[in-house]
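K.L.:
Structure of the sequence below:
(one chain, ligands or ions: 1)
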Amino acid sequence: MNEQELNGRRAIVTGGASGIGKAAATRLAEQGADVVVTDIDDANGEAVAADIGARYIHLDVTSSDEWDAVVTKHGPFDIAFLNAGISTGEEREPDELPIVNLTDAAYRQIMGINVDGVVFGARAVLPAMIERGSGDIIATASMAGLVPLGTDPIYTLTKHAVVGFVRALAAASEQHAADICFSAMCPGFVDTNIIDAEFKEQMIELQLSMLDPLVVGDTVLRSLSERRNGAQWVMWHGLETSVYEWNPPIDFTTVVPPGVSVV
Ligand SMILES: NC(=O)c1ccc[n+]([C@@H]2O[C@H](COP(=O)([O-])OP(=O)(O)OC[C@H]3O[C@@H](n4cnc5c(N)ncnc54)[C@H](O)[C@@H]3O)[C@@H](O)[C@H]2O)c1
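P.N.:
Residues are numbered from 1 along each chain as shown. Okay, the predicted model is just below:
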């Protein structure tokens, strides 16, 4: 992507105060996009926005009211990077299976941020994109959206949900010949605050490296340039970034007419 290629395009980034969101916001701003950094961590969000010449707006992605208010006041958006997310954070002994001790509150929290946050975000930004005839919606899933992460089945559930959501919206976009591109970022381990200190130490002991968050920021730019609808962008330390577009032999979109619901 050439410098200033995104000039004039307005981008919203969720979870932009830290890690991958911060890296993507940085790359988008470097390319001349008009970036709106959002998060619930106002202090770090303000600092990121000041550093990269962007605006910061408080947005809890779990609140559809907050989404509507932000889009009404600061939209319309040409680009939405729906990135905010957490892990389950379930505490358990090494010999205990996951989810047995999962509380309702912890379950609702991760579903609210990782799933509702993406659905509410896409729903809020889409009408203006449809009206203007174009747009890009990129969600941060994970490698755990494609392969099971046995240590955190609920995180795996949410990220598979994000991949399925993006792929289905991409199919719908093609069916309606809308120029709205949906894709998912699917990185492996990235060196950010979501990974706790103990895990980082284990990675170092095992001589395993994590991705720099800017690799994901670069891939966000690449996805905006290549516009591969429905793609899952797979990133793993030491490997070339690859694009995964799995097309099974049967595709609902070829057999079900637009507007018909399948249960
Ligand atoms: N770091 C990794 O190894 C990795 C790998 C694959 C996918 N991911 C995904 O990347 C995304 C970004 O995570 P990260 O690794 O940069 O972690 P991070 O903890 O550095 O950043 C997450 C950001 O989301 C914000 N956030 C949390 N709850 C929020 C809410 N309700 N509303 C708005 N913002 C909220 C946090 O304040 C934080 O700034 C997540 O979706 C995560 O699941 C991370």
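K.L.:
can you pull out the strands in the stretch 1-150 of the chain?
P.N.:
Listed in chain order, the strands of the stretch 1-150 of the chain (DSSP state E, counting those that start in this stretch) span 10-13, 34-39, 55-58, 79-82, 135-140.
K.L.:
Any residue of stretch 120-133 touching the ligand?
P.N.:
No: with Cβ under 6 Å from any ligand atom as the criterion, the ligand is not reached by stretch 120-133; the gap is at least 9.8 Å. C-beta coordinates here come from the backbone N, C-alpha and C atoms, glycine included.
K.L.:
residues in the stretch 101-250 of the chain within reach of the ligand, list them.
P.N.:
Residues of the stretch 101-250 of the chain lying near the ligand (Cβ under 6 Å from any ligand atom): 113, 140, 142, 187, 189-190, 192-195.
K.L.:
before we move on, the earlier item: any chance of the strands of the stretch 1-150 of the chain in CSV, with mean neighbour count and mean pLDDT too?
P.N.:
Written out in CSV, the entries for the strands of the stretch 1-150 of the chain read as follows (neighbours: other Cβ atoms under 10 Å; pLDDT from 0 to 100):
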stretch, mean neighbour count, mean pLDDT
strand 10-13, 28, 98
strand 34-39, 28, 98
strand 55-58, 18, 98
strand 79-82, 28, 98
strand 135-140, 25, 98
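K.L.:
Format these as JSON lines; extra columns: distance to residue 95.
P.N.:
JSON lines is the format used below for the strands of the stretch 1-150 of the chain (distance: least, Cβ to Cβ, whole Å):
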{"stretch": "strand 10-13", "distance to residue 95": "40"}
{"stretch": "strand 34-39", "distance to residue 95": "37"}
{"stretch": "strand 55-58", "distance to residue 95": "42"}
{"stretch": "strand 79-82", "distance to residue 95": "36"}
{"stretch": "strand 135-140", "distance to residue 95": "32"}
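K.L.:
Check the chain for me, the residue farthest from its geometric middle.
P.N.:
The outermost residue of the chain, judged by C-alpha distance from the chain's mean C-alpha position using Cα atoms, centre = their mean, is residue 95 at 32.0 Å.
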